[in-house]
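[1] Kindly generate the corresponding structure for this input.
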Amino acid sequence: MTRLVACLGAGKGTWSEVARLIASESWTAIFLITNEFGRENFSQKFSGMKAEFVVVNDLAPAEQLLQEIKKGLLGKIADTEVAVNMASGTGNVHMALITALLQLGMGMRFVVPSESGAKEL
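    Alright, predicted model coming up:
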């Protein structure tokens with residue numbers, strides 16, 4: 001399977017979609033781009049889901065977010081392509097994530113949860 005990189009915003013309403021996506025496949029690795037609140041509370045609410053958190057200051061400018069995300073992912077993804085979900089999070093985090101993945105040489109497949117597993121858009 002592939003690696004999943006997903007944004008996890010502070011709004012809990014979108015967390016269930018991210019959790020469904022995580023549970024829908026046997027991912028090689030899962031990276032959640034979130035703030036400190038997301039790291040602390042997602043882990044408690046959805047315990048048992050193995051994910052690595054890349055904690056960023058989601059109120060920072062996009063340029064700073066880009067550097068934080070790149071630093072958090074650098075050297076951790078050996079593949080040339082990742083599955084990406086941005087159902088949660090803010091526009092600045094989304095832009096920084098896409099830019100970081102492109103600058104790290106990654107291809108992206110955008111995915112959503114479905115009844116039959118992860119579905120590529």
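[2] ok, and what's touching the lowest-mean-pLDDT helix or strand in the chain?
    Every helix and strand in the chain was compared by mean pLDDT, DSSP states H and E; the lowest is helix 36-45, with a mean of 86. For helix 36-45, the surrounding residues in contact (Cβ atoms under 8 Å, 6 or more residues apart in numbering) are 8-10, 12, 15, 18, 32, 34, 53, 55. All C-beta spots, glycine's among them, are computed from the backbone N, C-alpha and C.
[3] In ChimeraX, select just the buried ones from those residues.
    Burial among the contacts of helix 36-45 is assessed by 16 or more other Cβ atoms under 10 Å; the matching ChimeraX selection reads:
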select :8,9,10,15,18,32,34,53,55
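[4] Check the contacts of helix 36-45 and tell me the two furthest apart.
    Greatest spatial distance in the contacts of helix 36-45: Lys12 and Val55, 17.1 Å, computed using Cβ to Cβ.
[5] Confirm Arg6 sits in a helix?
    Actually, residue 6 is Ala rather than Arg. No - counting by DSSP: H, G, I helix; E, B strand; the rest coil, Ala6 is not part of a helix but strand.
[6] Mind listing what's buried along stretch 64-71?
    Of all the residues in stretch 64-71, those buried under the rule 16+ other Cβ under 10 Å are 65-66, 68-70.
[7] And for stretch 106-119?
    In stretch 106-119, counting by 16+ other Cβ under 10 Å, buried: 106, 111, 113, 118.
[8] Stretch 50-60 too?
    For stretch 50-60, by 16+ other Cβ under 10 Å, it's 51, 53-56, 58, 60.
[9] Contacts only, for Asp79.
    2-3, 28, 106.
[10] distance between the ends of stretch 87-96?
    With Cα to Cα, to the nearest Å as the measure, stretch 87-96 spans 15 Å from end to end.
[11] And the contacts of it?
    The contact list for stretch 87-96 (Cβ under 8 Å, 6+ apart) reads 6-9, 11, 14-15, 17-18, 21, 33-34, 56, 58, 60-62, 65-66, 68-69, 86, 112.
[12] what bits of the chain have low per-residue confidence?
    Along the chain, the model assigns pLDDT under 70 to residues 1, 12, 47.
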